[in-house]
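**Q** model the structure of this input:
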Amino acid sequence: MKTRATELFGVEHPIVQTGMGWVSGPALTAATANAGGLGILAAAVMSYDELALAITETKARTTKPFGVNLRADSPEVVQCIELMAREGVKVASFALAPKQDLIKRCKDHGMVVMPSIGAKRHAEKVAEWGVDAVIVQGGEGGGHTGQVPTTVLLPQVVDAVDIPVIAAGGFFDGRGLVAALAYGAEGIAMGTRFLLTSDSLVGDAVKQVYLSKGVAETVVTTEVDGVPHRVLRTEFVEELLKSRALGRLTRATKNAIAFQKLSGTPWKDVVTEGLAMRKSAELSLSQLVMAANTPMLLKAAMVDGRPDLGVMASGQVVGLIDDLPSCAELIERIMNEAEATLKRLL
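**A** Predicted coordinates for the structure are as follows:
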């Protein structure tokens, strides 16, 4: 199945594994690439040195194209782009829309630039700035998300821009891929579905929590980091929702300090990044401290295996997933289902 996306990325199938913080490491990224999809390393929670090691490990596991997801407002973003260029990384993916100078820098190095967007106007803006493709995430998606569902947002964006559009938010099988193509997308991107594979290094206990949830057991809240964030509804999240502002702020401050120690990032860079985040996301000072708390809350569950102490980003599609295939098995299944669906419709 060839689309403009497969040609642009140099991959076999129009399927993208999104760059999930603490989840999309070398093993998952390379497994997706080897299965014919586009795997994306999550660099938003990595230092420059950690990203360098992750790229080296990914290249040791696969010779196929892959991407790296960056924070456009990170103090190290320029250095990371230069590193990616030297290492021959195919795709530069961005969680926050990059400015024109970053887009140009990536394209000058021959990289494909693909930001994630959640509104038609954002897609129009980055298309004018010269990006090569966009991931359009509807409200069903996990992590930071908007209010407009994929079935409404996707056709809006497809009609507004001429570049390839990748649909995200609510996809997990071949029927969804065909539906996205029918709307005019060039492929689909999935996070939760790839998290729940045997190639994902997230602990089995955490995966079982995901598998136990239904479609109504996620919640969109601003209590995690000050902006809308879709996560699994757990006891910890329920307590977070009910806690008073002072308690949340105290907890967030402690976790922000812990993350600074863990990452080794100089406080000057932390403050610089925080101020950039505040400006780009229009956060209040209290929300800014909460945002600094997010990496620790995600790490507690995804890395430390303590869902009772952290949060787990998840799309609503989690309630439709009941197994843990390998990336190869998953992509083969999706493509077979898509072919069968197309035959049935024709």
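
**Q** and the helices in the stretch 101-250 of the chain?
**A** Under the criterion DSSP state H, counting those that start in this stretch, the stretch 101-250 of the chain contains helices at 120-129, 150-160, 174-183, 192-195, 204-211, 235-242, 245-263.

**Q** got any ranges where the protein has weak pLDDT?
**A** By pLDDT under 70, the low-scoring segments of the chain are 243-249, 251-256, 258-293.

**Q** try it again at 50.
**A** Where the chain drops to pLDDT under 50, the residues are 263.

**Q** tell me the domain ranges of it?
**A** Following automatic domain parsing, the chain resolves into domains at 4-203+320-345, 214-302.

**Q** got the contact list for residue 117?
**A** Taking Cβ atoms under 8 Å, 6 or more residues apart in numbering, we find residue 117 in contact with 97, 123, 126, 134-137, 157. Where you see a C-beta, it was placed from the backbone N, CA and C, and this is true even at glycine.

**Q** residue contacts, residue 31?
**A** Contacts of residue 31 (Cβ under 8 Å, 6+ apart): 39, 61, 197, 199, 326-328.

**Q** closest to residue 187 among the contacts of residue 117?
**A** residue 135 (9.4 Å; Cβ to Cβ).

**Q** related to what we said a few turns ago, and the furthest pair within the contacts of residue 31?
**A** 61 and 197 (15.0 Å).

**Q** who has more neighbours out of those two?
**A** The residue with more neighbours, out of residue 61 and residue 197, is residue 197; 24 against 16, by other Cβ atoms under 10 Å.

**Q** list the contacts for that one?
**A** So residue 197 contacts 28, 31, 324-327, 330 (Cβ under 8 Å, 6+ apart).

**Q** before we move on, the earlier item: can you list the domains of the chain in TSV and add distance to residue 310?
**A** Formatted as TSV, the domains of the chain follow (distance: least, Cβ to Cβ, whole Å):
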stretch	distance to residue 310
domain 4-203+320-345	10
domain 214-302	3
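
**Q** please identify the deepest-packed of those.
**A** When you average the neighbours per residue for each of the domains of the chain (mean count of other Cβ atoms under 10 Å), domain 4-203+320-345 leads with a mean of 21.

**Q** end-to-end on that domain?
**A** Length of domain 4-203+320-345, first residue to last, Cα to Cα, to the nearest Å: 22 Å.

**Q** again, but for stretch 116-132
**A** First-to-last residue span, stretch 116-132, Cα to Cα: 12 Å.

**Q** distance between that stretch and the chain's centre?
**A** Distance, stretch centre to chain centre, for stretch 116-132: 17 Å (Cα atoms, centre = their mean, to the nearest Å).

**Q** which ones are touching residue 219?
**A** 230-233, 237, 241.

**Q** er, residue 183 actually
**A** Applying Cβ under 8 Å, 6+ apart, the residues near residue 183 are 151, 154-155, 158, 167.

**Q** mind running it again at 6 Å?
**A** Residue 183 makes contacts with 154-155, as judged by Cβ atoms under 6 Å, 6 or more residues apart in numbering.

**Q** so how far is residue 150 from it?
**A** 9 Å (Cβ to Cβ, to the nearest Å).

**Q** make sure I have this right: residue 74 is in a strand.
**A** No. Judged by DSSP: H, G, I helix; E, B strand; the rest coil, residue 74 forms no part of a strand; its state is coil.

**Q** gap between it and residue 48?
**A** Counting by Cβ to Cβ, the gap from residue 74 to residue 48 is 9 Å.

**Q** residue 294 now?
**A** Counting by Cβ to Cβ, the gap from residue 294 to residue 48 is 20 Å.
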